[in-house]
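Undergrad: Any chance you can model this:
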Amino acid sequence: MIRPSLAALACLALAACNSPASQAHAPQAAAPAAPSPVTPSSFKLPEGSGCSPEIARWQAIQDNDRATGHVGEAVYNRIRGEIAQASAACQAGKDAEARALVRASRARHGYPG
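TA: Numbering: from 1, shown residues only. Below you'll find the predicted structure:
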């Protein structure tokens, strides 16, 4: 009679090991959210003519491409430097130079003009 009770006890012990309530779950770190590769429907390019809106459009495109994971951090930073040069030219009243800098940056990084 001792054997059946040992077998029953062993079964209960094994069942307790497999029950979800008795298992300790280590908290898992949340995986970092991957950027969505889709441009949000609310995305709108700045409007207007002249160097300032053109620079703002190029910056908006880069911000969006960075947010969607289409441009890496190093390239984004390089383009930001190019945008800063164009912006300085624009603020100095050199509209044609500023716009040429934006066009050159776009071409250098494979964006259509």
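Undergrad: Following the one helix or strand in the chain whose mean pLDDT sits lowest in sequence, what is the next regular element?
TA: Least confident helix or strand, the chain: helix 2-18 with a mean of 54, by mean pLDDT, DSSP states H and E. From helix 2-18 onward toward the C-terminus, using DSSP states H and E, the following helix or strand is helix 51-67.
Undergrad: now for the helix or strand just after that next one, which elements pack on it?
TA: Going down the chain from helix 51-67, the next helix or strand is helix 73-91, by DSSP H and E. For helix 73-91, the packing partners by 3 or more Cβ pairs under 8 Å, 6 or more residues apart in numbering; DSSP states H and E come out as helix 51-67, helix 95-108. Every residue, glycine included, has its C-beta placed from N, CA and C.
Undergrad: for this protein, which spans come out with low pLDDT?
TA: Applying pLDDT under 70 to the chain flags the ranges 1-35.
Undergrad: hmm, 90 instead?
TA: Counting by pLDDT under 90, the chain contains low-confidence ranges at 1-46, 113.
Undergrad: how about stretch 104-113: buried residues?
TA: Judged by neighbour count using 16 or more other Cβ atoms under 10 Å, the buried positions of stretch 104-113 are 105, 106, 109.
Undergrad: before we move on, what about stretch 56-63?
TA: By 16+ other Cβ under 10 Å, the buried positions in stretch 56-63 come out as 56, 58, 59, 61, 62.
Undergrad: so the second one makes contact with residue 102?
TA: Yes: between residue 58 and residue 102 there is a contact under Cβ atoms under 8 Å: 5.1 Å.
Undergrad: Could you name every residue contacting both of these two?
TA: Common neighbours of residue 58 and residue 102 (criterion: Cβ atoms under 8 Å, 6 or more residues apart in numbering): 83, 86.
Undergrad: about what we covered before: from the buried residues of stretch 104-113, pick the one nearest residue 84.
TA: residue 105 (10.7 Å; Cβ to Cβ).
Undergrad: what's the neighbour count on the closest residue to that closest one other than its chain neighbours?
TA: Leaving out its chain neighbours, the residue that sits closest to residue 105 by Cβ to Cβ, 6 or more residues apart in numbering is residue 82, at 4.1 Å. Residue 82: 18 surrounding residues under other Cβ atoms under 10 Å.
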